[in-house]
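Participant: got a predicted structure plus its sequence, pasted below:
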There are 2 protein chains.
Amino acid sequence: MTGWLTRICSKPSRMIIGLMSGTSADEVDACLCEISGFGPDTRARVVHLASVDYPSHVRHLLTHKIGSLDVEEVARLNFLIARVFAQATLKCIEEADYDKSDMDLIASHGQTLAHFPDTDRESLPVRATLQVGDISVIAQLTGIVTVGDFRPADMAQGGQGAPLVPFADYILFRDASLGRIVQNIGGIANLTYLPPGCTPEDVIAFDTGPGNMVVDAVVDMLTQGKQTMDTDGKLAFSGTVNRLFLDHLMSNEYFAKLPPKSTGREAFGQQYTAEILDEYKHFLGTSGESWDPVPYLEDIAATVSELTVQSIISSYKSWVLPKGPIDEVILGGGGARNAYFVTRLKQELSKLNPCTKVLTHQDFGISDKAKEALAFAILGNQFIGGMANNIPSATGAARPVVMGKLALPW
Amino acid sequence: MTGWLTRICSKPSRMIIGLMSGTSADEVDACLCEISGFGPDTRARVVHLASVDYPSHVRHLLTHKIGSLDVEEVARLNFLIARVFAQATLKCIEEADYDKSDMDLIASHGQTLAHFPDTDRESLPVRATLQVGDISVIAQLTGIVTVGDFRPADMAQGGQGAPLVPFADYILFRDASLGRIVQNIGGIANLTYLPPGCTPEDVIAFDTGPGNMVVDAVVDMLTQGKQTMDTDGKLAFSGTVNRLFLDHLMSNEYFAKLPPKSTGREAFGQQYTAEILDEYKHFLGTSGESWDPVPYLEDIAATVSELTVQSIISSYKSWVLPKGPIDEVILGGGGARNAYFVTRLKQELSKLNPCTKVLTHQDFGISDKAKEALAFAILGNQFIGGMANNIPSATGAARPVVMGKLALPW
């Protein structure tokens, strides 16, 4: 039984199921991919994507109780979530009209229960991350060799265990002669810059700042939950940007910080939004106690949407252009469907370089929804080939490492 | 980088470090073993054993807070404990005068934080177990391929994820013509029965009942902590067994239960001991409110020590002898150093079969302290060979499985 590894690795192409569930914890995505080669020779294509919802009580624990889970809940969730991951795998295989025996590998991100890239717990001064969805359980329930739990190895070498997707960006999007930015606009916006003819060492990746997070929160607060997002950027388009206020928002210290850097809900979430709504009145010259921001919804939406655009463009100017050309920007994430973001980014990019093309993941045959699960399929393919799959310049790790753990289904 | 598995597996013998830490959580044992072959052809010998203490605050969390750990503590302990496991590994290699590069594999049990073989948490109806000491961290810090986290795969196939040592007993102690019992007497006593010429399917393994646990608790309570155990069985030897009371204790329903079965502190711990101390007066014909058991220390110690002996012998009669001969009994655990247990077991065994020999692990070149770490080295050797390493008749799993997960050090 020791020939299995050679057998998988020597195939001209491998059928790999990537499994992903994000922090929103609404569903598990299973992406069947066909992958050939390893390292720079890797080629990947998406065959099929399927999703399975979490049972409601599991979702409730993951969204409302995640910080206060006890050790028993952690232990049981590890097994229960593995079952949902196995279920998503089997659904994906069936929908794509394949058989379990056609599969070579599962590569699972797991579900994040905790991520502490800092050593700030006094009694336990060690950085840590915790992804559950036990890979032994997934392997046993599916009958497929399973790789997963990628983050700890990078952290053991001094990295943050994140971001991991830039390695897949390197595999999927680097070009011999073009400089490309893969620009994801989710709640937070992040980029991967791939200079022309780059090696993994040349890759730059970091969070640029807020994506949809602030504009969504503004809309949600000022409509009292009637709207939860600025669909297609309609509100932003109909408002006027307050330049003074925008300059104030751009003075946030995060934007001047040297990459690699990452941010999140703690910096640009509900509390941040509530604070800037309160501050906005001063920039209108208003000082009354009973000031009502609701009539200014469109202007505020325009201003915070422009914050996303400007923080992205400013990142390009400060940290990307000094390193190489930006020939193409490949947009992804929910924000790539916000027409305000796309239009304004195109306008600003044309000022930087009139020849820069703006594309989407879809232009490369990859749906936004499949992207992350595909990324983990690529990381799993590297593991099985015994090859490094982190980007030290993005995570801060001391060196390239083979992230992941493997479980056998026999 | 795909040749590593073939290279490890094709060596005439492998240098494997087994890592173990029990529920007492006082230290981590690292046992360097030389192992050749796989499955029934496995040969193993202990080269060196080293131990490393847990930092006191970690030990405190593991012994006093283990049931109430929160998700952050679980995440951080997973990384911190891995460092101690890595430290024990490096200490063992250095003391044995080897180099890291001589090592083929680490096989780690990890530290158990939770074990729930029943589905009794209503909101999360799934069996679960949780061992920490991240194997990616161990692999990265030592530079050695690491296998660990064995229990989940067995549980995924309906097993209890325990006991795991019987597989190693099968490898180390089975004989073509002799029927052997490997009798461990720890806090709880458990046996592995290996019929002559057995296959893994023939192995019987279960907990026979209390080992040292009850007599230790009696001594601790009645001396108010001045003594914590009956050293060499001296108290038991100087007391008189109360036959009526012993019969009452032997009527405990656990002893009549069909194996596979397991028990623990919840059944034979402090509460059980307090109850039987209270009951003892009735068997003396005493009924006063202010009855003092202290003068009866020796008699009670003799009676509960005899409970251990009788429950072991009764298990042999009920569940072992109907399956095959008992030619040798190989004693292990702390109880193997209690002269009362050893003397009385020999007397009782000679009534069952005057030819039965009583031996110790040491007679096979295995120290008691090295045994469990050696057992996990053997399980890791099986994993690397892609071969099953559970005993379904002992764990209750639906089938033999390859337990464990693997992390690479590159």
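Facilitator: Perfect, thanks for sending it. Numbering: from 1, shown residues only, chains lettered A, B, ... in the order given.
Participant: rest of the way, CA atoms for contacts and neighbours
Facilitator: Will do.
Participant: which helices and strands does the longest helix belonging to chain A pack with?
Facilitator: If you go by DSSP state H, chain A has its longest helix at helix A:71-95. Applying 3 or more C-alpha pairs under 8 Å, 6 or more residues apart in numbering or on different chains; DSSP states H and E, one finds that helix A:71-95 contacts strand A:14-20, strand A:27-36, strand A:43-53, strand A:128-132, helix A:135-142, helix B:71-95, strand B:111-116, strand B:128-132.
Participant: winner for burial among the ones you listed?
Facilitator: strand A:14-20 (a mean of 28; mean count of other C-alpha atoms under 10 Å in any protein chain shown).
Participant: pretty sure residue A:197 is touching residue A:174, no?
Facilitator: Yes - with contacts counted by C-alpha atoms under 8 Å, residue A:197 reaches residue A:174, the gap being 7.1 Å.
Participant: the two - which one has more neighbours?
Facilitator: residue A:174 (24 against 12; other C-alpha atoms under 10 Å in any protein chain shown).
Participant: make sure that one is actually in contact with residue A:195.
Facilitator: Yes - counting by C-alpha under 8 Å, residue A:174 touches residue A:195, with 7.5 Å between them.
Participant: quickly list what's touching both of the two.
Facilitator: Contact criterion C-alpha atoms under 8 Å, 6 or more residues apart in numbering or on different chains; residues shared by residue A:174 and residue A:195: residue A:180.
Participant: any chance of the helices and strands packed on helix A:71-95 in JSON lines, plus mean pLDDT and distance to residue B:334?
Facilitator: Listed next are those as JSON lines, based on pLDDT from 0 to 100; distance: least, C-alpha to C-alpha, whole Å:
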{"stretch": "strand A:14-20", "mean pLDDT": "98", "distance to residue B:334": "47"}
{"stretch": "strand A:27-36", "mean pLDDT": "97", "distance to residue B:334": "48"}
{"stretch": "strand A:43-53", "mean pLDDT": "96", "distance to residue B:334": "50"}
{"stretch": "strand A:128-132", "mean pLDDT": "96", "distance to residue B:334": "36"}
{"stretch": "helix A:135-142", "mean pLDDT": "98", "distance to residue B:334": "33"}
{"stretch": "helix B:71-95", "mean pLDDT": "97", "distance to residue B:334": "23"}
{"stretch": "strand B:111-116", "mean pLDDT": "92", "distance to residue B:334": "20"}
{"stretch": "strand B:128-132", "mean pLDDT": "96", "distance to residue B:334": "24"}
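Participant: Throw those into JSON lines and include distance to residue B:189, thanks.
Facilitator: Output for these, formatted as JSON lines (distance: least, C-alpha to C-alpha, whole Å):
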{"stretch": "strand A:14-20", "distance to residue B:189": "43"}
{"stretch": "strand A:27-36", "distance to residue B:189": "44"}
{"stretch": "strand A:43-53", "distance to residue B:189": "45"}
{"stretch": "strand A:128-132", "distance to residue B:189": "34"}
{"stretch": "helix A:135-142", "distance to residue B:189": "29"}
{"stretch": "helix B:71-95", "distance to residue B:189": "27"}
{"stretch": "strand B:111-116", "distance to residue B:189": "19"}
{"stretch": "strand B:128-132", "distance to residue B:189": "22"}
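Participant: which one of the ones you listed lies closest to residue B:353?
Facilitator: Each of these has some distance to residue B:353 by C-alpha to C-alpha; the shortest is strand B:111-116, at 38.2 Å.
Participant: now do that closest one against strand B:128-132: the angle between them, please.
Facilitator: 170 degrees (axes from the mean of the first three to the mean of the last three C-alpha atoms, to 10 degrees).
Participant: who does strand B:111-116 pair up with?
Facilitator: strand B:128-132 (antiparallel) (DSSP bridges).
Participant: can you give me the angle the partner strand makes with helix A:71-95?
Facilitator: Orientation of strand B:128-132 against helix A:71-95 (the same axes, to 10 degrees) gives an angle of 110 degrees.
Participant: helices of the stretch 151-300 of chain A, residue ranges please.
Facilitator: With DSSP state H, counting those that start in this stretch as the criterion, the stretch 151-300 of chain A has helices at A:151-156, A:165-173, A:213-222, A:234-238, A:243-250, A:253-256, A:265-268, A:270-283, A:297-315.
Participant: and those, which one averages the lowest pLDDT?
Facilitator: Among these, helix A:265-268 has the lowest mean pLDDT, at a mean of 85.
Participant: okay but residue A:142 is in contact with residue A:90, surely?
Facilitator: Yes - taking contacts as C-alpha under 8 Å, residue A:142 lies within contact range of residue A:90: 7.0 Å.
Participant: what sits in contact with each of these two?
Facilitator: With C-alpha under 8 Å, 6+ apart as the test, residue A:142 and residue A:90 both reach residue A:100.
Participant: can you list the residues of the stretch 101-250 of chain A near chain B?
Facilitator: A:113-114, A:123-124, A:126-130, A:134, A:136-137, A:140-141, A:152-153, A:156-157 (C-alpha under 8 Å from any C-alpha of the partner chain).
Participant: close to chain B, is whichever strand or helix holds residue A:6?
Facilitator: Assigned by DSSP states H and E, residue A:6 belongs to helix A:4-9. Yes - interface with chain B: helix A:4-9 contributes A:5-6, A:9 (C-alpha under 8 Å from any C-alpha).
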